[in-house]
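Peer 1: Coordinates for the following, if possible.
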Amino acid sequence: MIENSGSGTDLITIAADEDQTQYCGYSIPLGYTGYLLSAIVQVDASKAADFRLFTRENLTDNTTPFSPKRLRYYWDGVLGIETFNPDTPILKLPALTDIWIEARGGGAITEVSADIEILLVTNS
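Peer 2: Take a look at the predicted model:
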C-alpha cells in the first residue's frame, strides 16, 4: 500500500493476487512525445463518481519548486461509461511528463475504472 505522507490517505493498493496496481497512469519516456488519443471512465455502481485527468511535466525534477500538476479534464457525476475520443489528439505530452486519472466515488463501495490511450512518437 502506498499512502501520502501527510494524512495517511491510501493512494495505491497492490492486491496480493493481482501483482500490479490498478492505477491509471503513465510516464512519457525520454526521447518521445506522447499524444493522448482517448480517455474512458466507467462507474459500476448506483452512485456517481467524479474523475480528474492530471499531467505533471519534468518528472525527474527533484528540487522545489516542482512543476505543478495540471488539471486537464474533469468528468463530473459519471454513471456508466463516458468516452472522450475526439478526431484529433487531445493533448501533446512532452518527454518526462506524468499523466494520470483520479476518481472519487459517491458511495462507500463505488467501483470505478479508467483507461487512457497514448500514441508515442520518437523525437527527431
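Peer 1: For Asn123, give me its contacts.
Peer 2: Asn123 makes contact with 31-33, 95, according to C-beta atoms under 8 Å, 6 or more residues apart in numbering. Every residue, glycine included, has its C-beta placed from N, CA and C.
Peer 1: again, only this time at 6 Å
Peer 2: 31, 33 (C-beta atoms under 6 Å, 6 or more residues apart in numbering).
Peer 1: Just the pLDDT at the nearest residue to Leu30 once chain neighbours are set aside, thanks.
Peer 2: Ranked by C-beta to C-beta, 6 or more residues apart in numbering and with sequence neighbours excluded, the top spatial neighbour of Leu30 is Ala95, at 5.1 Å. At Ala95, the predicted lDDT confidence score is 97.
Peer 1: Kindly report the same for the one 5 residues further on.
Peer 2: Per-residue confidence at Trp100 stands at 95 (pLDDT).
Peer 1: do you know how far it is from Ile109?
Peer 2: Separation of Trp100 from Ile109 (C-beta to C-beta, to the nearest Å): 23 Å.
Peer 1: Next: Thr97.
Peer 2: 33 Å.
Peer 1: Please say which of those two ends up with more neighbours.
Peer 2: The residue with more neighbours, out of Thr97 and Ile109, is Thr97; 22 against 8, by other C-beta atoms under 10 Å.
Peer 1: The more buried one contacts Pro29, correct?
Peer 2: No - counting by C-beta atoms under 6 Å, Pro29 is not a contact partner of Thr97; they are 10.0 Å apart.
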